[in-house]
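In: Next comes the sequence, and after it the predicted model I'd like to discuss.
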Amino acid sequence: MFENKEPKIRYSNERFVKPNDLQNLLLDELFENFEQPELFSSRFILEPITESHKVELYQFFNDLELYHFVPLDPPTLEQLEKRCSRWITRRSPDGEELWLNWAARDNQNREIVAHIQGGLTRDRIASIGYIVGQKFQKKGVATECLEAVFLYLDKVLQVKEIRAWSDTRNKASHKVAKKLGMVQVELIKSADFFKGITSDEYVFSKVFRK
């Protein structure tokens, strides 16, 4: 549970810190002391990924059907261990971005149904991505999990904007973006080349504050 705390008044050279400086100071504290929380929806618990998830995640990611629209292949266990080691730091190597990774677990059968990923830069622009297990697709999993993430990013982390990138062929993801209130703001031609095909991407955005 998060508490709403009023920021303390800060002084610099016996003067009040300007609002923008105060925001920067608070943001520095966030990046320094950040701890990723569990999130909850009606059907799922979003657990911050730790090394204890690696075996379940290896089984989850080991499905070729999940990789039609992304330039990746199923990871080996060793590759996944390295990813988890990076993810649990909750920060990019240069410290300029928070890395958020959740394993979404079904409340009833306790299976991992999705991997939800996010990033937050120091200018408070967030990015999101997700993979839903094949047998859990077309059941509203992505929308429900991302609604919880959007609420957290907006109300707790106070992001200015959330962005998402999606292959133009991935119509299911476009529908999810629109359900979340995102709008298409850009088309990137030849964004990538994988599996023998050039990939174009749509950029979706939802703005919360200036």
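Out: Everything's here; your move. Numbering: from 1, shown residues only.

In: in what helix or strand does residue 181 lie?
Out: Using DSSP states H and E, residue 181 sits within no helix or strand.

In: For it, which non-adjacent residue is spatially closest?
Out: residue 206 (5.3 Å; Cβ to Cβ, 6 or more residues apart in numbering). Heads up, the C-betas are built off the backbone N, CA and C, glycines and all.

In: Tell me who's in contact with that neighbour.
Out: By Cβ atoms under 8 Å, 6 or more residues apart in numbering, the contact set of residue 206 is 150, 161, 162, 180, 181, 182, 183.

In: What score does the second one have for pLDDT?
Out: pLDDT recorded at residue 161 is 98.

In: That one bridge partners, please.
Out: Here residue 161 shows beta-bridge partners residue 125, residue 207, assigned using DSSP bridges.

In: Verify the stated contact: it with residue 210.
Out: No - contact between residue 161 and residue 210 fails when scored by Cβ atoms under 8 Å: they sit 9.4 Å apart.

In: out of these two, which sits in the busier spot?
Out: Taking other Cβ atoms under 10 Å, residue 161 and residue 210 do not tie; residue 161 has more neighbours (18 against 5).

In: which residue is nearest the centroid of this protein?
Out: What sits nearest the mean C-alpha location of the chain, by Cα atoms, centre = their mean, is residue 118, with 1.7 Å.

In: Just confirm that residue contacts residue 153, I think it does.
Out: Yes - Residue 118 lies in contact with residue 153 (Cβ under 8 Å); the separation is 7.0 Å.

In: Strands of the chain, start to end?
Out: 11-12, 15-16, 39-40, 44-48, 97-106, 112-121, 125-132, 161-167, 183-194, 197-207 (DSSP state E).

In: will you turn those strands into JSON lines that also has distance to residue 145?
Out: Shown next, in JSON lines, are those (distance: least, Cβ to Cβ, whole Å):
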{"stretch": "strand 11-12", "distance to residue 145": "41"}
{"stretch": "strand 15-16", "distance to residue 145": "41"}
{"stretch": "strand 39-40", "distance to residue 145": "8"}
{"stretch": "strand 44-48", "distance to residue 145": "6"}
{"stretch": "strand 97-106", "distance to residue 145": "5"}
{"stretch": "strand 112-121", "distance to residue 145": "5"}
{"stretch": "strand 125-132", "distance to residue 145": "7"}
{"stretch": "strand 161-167", "distance to residue 145": "13"}
{"stretch": "strand 183-194", "distance to residue 145": "20"}
{"stretch": "strand 197-207", "distance to residue 145": "16"}
